[in-house]
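Peer 1: kindly generate the corresponding structure for this input.
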Amino acid sequence: MGRRPQGRAQYHPVNFFEQTPDRPNPQVGIKKRYHLRIFGYRISLLSLVLLIIFCSVLYHIIVGLHGLVMNYLKLAESERAIEERTRMKQALEMEKELWKTDEYLEGEARKLGLIKPGELFSSETEANEE
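Peer 2: Just a heads-up that it's a prediction; the model follows:
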């Protein structure tokens, strides 16, 4: 019952690990490194993860800068609109002050063909004024 099969090779514990030029110390295992092949290049998994993280950070920086530039453009456009409206407001205030003067009111009334009470309408005076 305790007999070993005769057909199989017996290994002596000392000679089990053979010393070869690529394995000077056969008891030490060689650590396997996993590489991916992408477009014919060997890339380690850690390098791939670091590359993905780098690309993600770069993408977020670019998107942030784009948003910042767009906000500055909108701000400049808003400031131009505010300046234009301020100029329009000043022009309207000046025109409002102009309408309060009697001379300007008389000139505008004459343009519309209105006359003062007691004044005679004549086409000659109107032609001379033009």
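Peer 1: switch to C-alpha atoms for all contacts and neighbour counts from now on
Peer 2: Will do.
Peer 1: residue boundaries of the helices in this structure?
Peer 2: For the chain, the helices defined by DSSP state H cover 45-99, 102-111, 123-129.
Peer 1: comparing these, which gets the lowest mean pLDDT score?
Peer 2: Among the helices of the chain, helix 123-129 carries the lowest mean pLDDT, a mean of 54.
Peer 1: picking that back up, with distance to Pro117 and mean neighbour count as extra columns, can I get the helices of the chain in a markdown table?
Peer 2: Written out in a markdown table, the entries for the helices of the chain read as follows (distance: least, Cα to Cα, whole Å; neighbours: other Cα atoms under 10 Å):
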| stretch | distance to Pro117 | mean neighbour count |
| --- | --- | --- |
| helix 45-99 | 21 | 12 |
| helix 102-111 | 13 | 12 |
| helix 123-129 | 16 | 9 |
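Peer 1: can you redo these as CSV with distance to His35?
Peer 2: Formatted as CSV, these follow (distance: least, Cα to Cα, whole Å):
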stretch, distance to His35
helix 45-99, 6
helix 102-111, 90
helix 123-129, 97
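Peer 1: out of those, nearest to Arg37?
Peer 2: For the helices of the chain, distance to Arg37 was read as Cα to Cα. The smallest value, 10.3 Å, belongs to helix 45-99.
Peer 1: what's the angle between the closest one and helix 102-111?
Peer 2: Counting by axes from the mean of the first three to the mean of the last three Cα atoms, to 10 degrees, helix 45-99 lies at 90 degrees to helix 102-111.
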